[in-house]
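K.L.:
structure for the following, please:
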Amino acid sequence: MHAHHQDVFPVMDIVIVLIVVLLIVAYLYAALRQTQEWSLFKIVSWIAGMLCGLVVMVGPLAEQMHHHFVAHMYGHLLLGMLAPLLLVLATPITLLFRTLPAQQGRRISKLLGSRYVRLVTHPVVALILNTGGLWLLYRTDLFMLMHHYPVLHYLIHFHIFMAGYLLTSVMLEIEPTRHPYSFKYRSIVMIVSIALHQILSKSFYPYPPAGVSTEQSQQGAMVMYYGGDIIELVIIYMMCLSWYRAVRPRRKKDDIQLNII
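P.N.:
Numbering: from 1, shown residues only. Sure, this is the predicted structure:
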């Protein structure tokens, strides 16, 4: 695994750092403008998610990812799974609606209700874009090519991040949505996603990705398999918790008062 055109990366590193700083500052500014105190957990989640994405694109890990498949797999977990989960938990769309004036908020709402957004936020489409994209990357020569062409390198990483965010957001449904899907339907899609993710990681044992040694491939497979399981279990837990809160019977006020007494 080798990377060419190294002169491109320092320039892009600066651009990426500036984008991350801008997004963190914008989120903090919007959170501080709220009339009601914005959750500290969400603020920390947003900053942590942004930093997870940043270390994958800039710094020592980003450099190691060009040469070592194991490092690449750690980067995959951070950029494609952990960072999206943390950012979704920060509920940026909700914060955006609370910050924007009513007229601009209606425009954003109209955009979210468009046919295109409805298409890409369908659970099956989100699954194809995310897990299907990973199968295309690792089971073709695309993985090897991304280390030789900087533009392809950044496009693939951008897709991995956005597809991960999309699938996580669709599965959890904690943001405002014009087209909600049932818990059962999302659960089935989530199970299929987990299965495909695990099958892909296991396939690295007999069939390493293009340009990757057998030893590196097997070590990377373990990182992808077990690391992915941990993050997926968190998503499953949150899905079940949200479902439980939605369907549990509501106690009457008098019953609550009696319990308190």
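K.L.:
give me the neighbour count for Ile19.
P.N.:
14 (other CB atoms under 10 Å). Placement of C-beta: from N, CA and C, glycine included.
K.L.:
any idea how far it lies from Glu37?
P.N.:
27 Å (CB to CB, to the nearest Å).
K.L.:
what's the answer for Phe161, then?
P.N.:
29 Å.
K.L.:
show me which of these two is the more surrounded one.
P.N.:
Phe161 (21 against 8).
K.L.:
the bottom helix or strand of this structure by mean pLDDT?
P.N.:
Ranking every helix and strand in the chain by mean pLDDT, DSSP states H and E puts helix 253-260 at the bottom, with a mean of 42.
K.L.:
from the contact counts, what lies against the host helix or strand of Ile191?
P.N.:
Element membership for Ile191 (DSSP states H and E) is helix 183-203. Judged by 3 or more CB pairs under 8 Å, 6 or more residues apart in numbering; DSSP states H and E, helix 183-203 is in contact with helix 123-127, helix 133-138, helix 150-172, helix 214-247.
K.L.:
what's the closest of those helices to His66?
P.N.:
helix 150-172 (8.6 Å; CB to CB).
K.L.:
buried set for the closest one?
P.N.:
150, 153-154, 156-157, 159-172 (16 or more other CB atoms under 10 Å).
K.L.:
so who does Leu51 touch?
P.N.:
The contact partners of Leu51, by CB atoms under 8 Å, 6 or more residues apart in numbering, come to Val20.
K.L.:
show the model's pLDDT score for it.
P.N.:
pLDDT, Leu51: 97.
K.L.:
distance of it relative to Val21?
P.N.:
With CB to CB as the criterion, Leu51 and Val21 are 11 Å apart.
K.L.:
try Leu61
P.N.:
19 Å.
K.L.:
for burial, what's the neighbour tally of Leu96?
P.N.:
Look at Leu96: counted by other CB under 10 Å, it has 17 neighbours.
K.L.:
correction: Ser201
P.N.:
Residues lying near Ser201 (other CB under 10 Å) number 22.
K.L.:
next one: Gln103
P.N.:
The number of residues near Gln103, taken as other CB under 10 Å, comes to 7.
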